[in-house]
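*Asks:* Got a predicted structure here, sequence first:
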Amino acid sequence: MTLLDEGLLIYAAVINCICFMLFGLDKYYAIHRHWRIRERTLILCAALGGSVGALAGMKVFHHKTLHGRFSIGVPMILLVQLAAVIWLKVRNVI
């Protein structure tokens with residue numbers, strides 16, 4: 001495993017943990033009527049590589065599961081990210 005591979009794995013782990021925690025925090029805020037995390041921020045976090053964490057957060061916290069932007073959008077982001085990784089692996093870029 002190269003240094004680049006290790007760095008990408010660490011980045012993926014960190015961004016997915018952050019995204020998962022953001023969904024949990026937003027659910028907590030929704031229940032306790034605090035200021036909320038913007039939907040744009042949650043989607044951006046998923047798009048930056050945290051789509052697995054976003055999906056896990058949606059399932060674990062039962063949050064944003066009825067919003068089309070999330071129930072359709074986050075799985076689509078994940079599919080695009082998987083396709084990009086496969087394409088980059090086939091091209092031996094990563």
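*Replies:* Perfect, I can see it now.
*Asks:* From here on, just use CA atoms for contacts and neighbour counts.
*Replies:* Fine.
*Asks:* Pull the distance from the top helix by length along the chain to the chain's centre.
*Replies:* Assignment by DSSP state H gives helix 3-31 as the longest helix of the chain. Distance of helix 3-31 from the chain centroid (Cα atoms, centre = their mean, to the nearest Å) equals 7 Å.
*Asks:* List the buried residues of that helix.
*Replies:* 12, 15-27 (16 or more other Cα atoms under 10 Å).
*Asks:* which is the next helix or strand following the helix or strand bottoming out on mean pLDDT in the chain?
*Replies:* When the helices and strands of the chain are scored by mean pLDDT, DSSP states H and E, helix 68-71 comes last with a mean of 94. Counting by DSSP states H and E, the element after helix 68-71 in chain order, helix or strand, is helix 73-90.
*Asks:* what helices or strands is that next one leaning on?
*Replies:* helix 51-61 (3 or more Cα pairs under 8 Å, 6 or more residues apart in numbering; DSSP states H and E).
*Asks:* Next, the angle from the helix it packs on to helix 3-31.
*Replies:* 30 degrees (axes from the mean of the first three to the mean of the last three Cα atoms, to 10 degrees).
*Asks:* pLDDT of the helix or strand just after the longest helix of the chain, averaged?
*Replies:* Using DSSP H and E, the helix or strand that follows helix 3-31 towards the C-terminus is helix 39-45. Mean pLDDT, helix 39-45: 97.
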